[in-house]
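**Q** one predicted model, sequence on top.
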Amino acid sequence: MDEPLSIAQVSKASGVTSRTLRHYDDVGLLPPAFADTSGRRYYQREQLIRLQQILLLRELGLGLDTIGEILDGSVSRAEALRLHRKWLLAERDRLDRLAATVARTIEELEGGEHMSAKELFEGFSPHSDKAKWLAQEAAERWGENAVASHERSKRWSDEKWAAVKRQGGEAAERLAELAREGVPADDERALDAVAAHRAWLENFWTPDAASYTGLGRLYTDDERFRSQYDAIQPGFAEYLRDAMAAYARARMS
């Protein structure tokens, strides 16, 4: 391929949103080959190959900072893969324990030996995967405040994690109810419900108006978040994005 591709063409070919490509440029991870006089970005083969490598490393669960270090040679790919393999092996062991827990629970339900409360939850992770995603994305996009908050949350007890998870679930369910009822995203009832979502979020990170709006966009742009929220209510990710943006304009400005 010799002819440069516009950002829209790259987005269509790769499945990466234009917003994400612009973000990759902003953080120095994937600058375009050049931009025209109106600011439109264009990409050539070198940039497409780098994008392919970024997507591969993202599939491995690596953060943008680490990916940049790997691609720029500061961290070897072998070392990054070695660390990821270590994580995968630990996760495999956890899933093995979880499978054993389920098997023992089936035995108990069919008249076998009773399990202790601790045994019933062997293999479950007390930490919310959604919270981990959120902390990673916030740290990559919005800085040290998010990093510090995530470090504090690592010291929480299982009871604290359970309470925070319950708080987040209740906030999401209230917003989903409003979405099902057709309440506009900028209605005062929706804004009050978003306030509960923001209160949950502040367990991990304290956003300003711009970053809170940006997080709402992330909920629709990132398939991980979109699929989780749309599983609650079809179209809920977009409703939540719009409600968060309305809340930021009305109550965080």
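**A** Noted; the coordinates are in hand.
**Q** pretty sure Ser11 is touching Tyr24, no?
**A** No - the pair Ser11 and Tyr24 does not pass the contact test of C-beta atoms under 8 Å, sitting 11.5 Å apart. (Glycine included, C-beta is placed from N, CA and C.)
**Q** give me the low-pLDDT residue ranges for this structure?
**A** Within the chain, the set of residues satisfying pLDDT under 70 comprises 1-2, 59-62, 74-81, 83-84, 87, 90-91, 94, 108, 111-154.
**Q** now the strands for it?
**A** Here the chain has its strands, by DSSP state E, at 5-6, 34-35, 41-43.
**Q** what's the last one in contact with?
**A** In this structure, residues lying in contact with strand 41-43 by C-beta atoms under 8 Å, 6 or more residues apart in numbering are 4-7, 10, 21-22, 25, 32-36, 51.
**Q** of all those, which comes closest to Tyr239?
**A** For Tyr239, the nearest member of the contacts of strand 41-43 is Arg22. The distance, counting by C-beta to C-beta, is 24.3 Å.
**Q** most tightly surrounded among the strands of the chain?
**A** strand 41-43 (a mean of 21; mean count of other C-beta atoms under 10 Å).
**Q** adding distance to Glu159, write the strands of the chain out as a markdown table.
**A** Shown next, in a markdown table, are the strands of the chain (distance: least, C-beta to C-beta, whole Å):
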| stretch | distance to Glu159 |
| --- | --- |
| strand 5-6 | 52 |
| strand 34-35 | 52 |
| strand 41-43 | 48 |
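**Q** which one, of these, ends up nearest to Tyr229?
**A** Counting by C-beta to C-beta, Tyr229 lies closest to strand 41-43 out of the strands of the chain; the figure is 29.4 Å.
**Q** ok, that closest one: who's next to it in the sheet?
**A** Strand 41-43 pairs in its sheet with strand 5-6 (antiparallel), strand 34-35 (antiparallel), by DSSP bridges.
**Q** so how far is it from its chain's centroid?
**A** Per C-alpha atoms, centre = their mean, to the nearest Å, the displacement of strand 41-43 from the mean C-alpha position of its chain is 27 Å.
**Q** stretch 242-253 too?
**A** Stretch 242-253 sits 20 Å away from the centroid of its parent chain (C-alpha atoms, centre = their mean).
**Q** which outside residues touch that stretch?
**A** Outside stretch 242-253, the residues that touch it by C-beta under 8 Å, 6+ apart are 175, 185-186, 190-191, 193-195, 197-198, 208-210, 212-213, 215-216, 219.
**Q** could you do stretch 23-39 as well?
**A** With C-beta under 8 Å, 6+ apart as the test, stretch 23-39 has contacts from 4, 7, 21, 41-44, 46-47, 50-51, 54, 64, 67-68, 71, 140-141.
**Q** and what of stretch 170-189?
**A** Stretch 170-189 has contacts (C-beta under 8 Å, 6+ apart) with 190, 193-194, 196-197, 199-200, 229, 232-233, 235-236, 239-240, 242-243, 245-246, 250.
**Q** please spell out the ChimeraX selection for the buried subset of these.
**A** Buried residues within those, by 16 or more other C-beta atoms under 10 Å, are selected in ChimeraX with:
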select :190,193,194,196,197,200,229,232,233,236,239,240,242,243,245,246
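**Q** tell me where the stretch 151-253 of the chain has helices.
**A** Taking DSSP state H, counting those that start in this stretch, the helices of the stretch 151-253 of the chain run over residues 158-181, 188-201, 209-221, 223-232, 236-251.
**Q** tell me which of these sits nearest to Arg85.
**A** With C-beta to C-beta, the closest approach to Arg85 among those belongs to helix 223-232: 21.6 Å.
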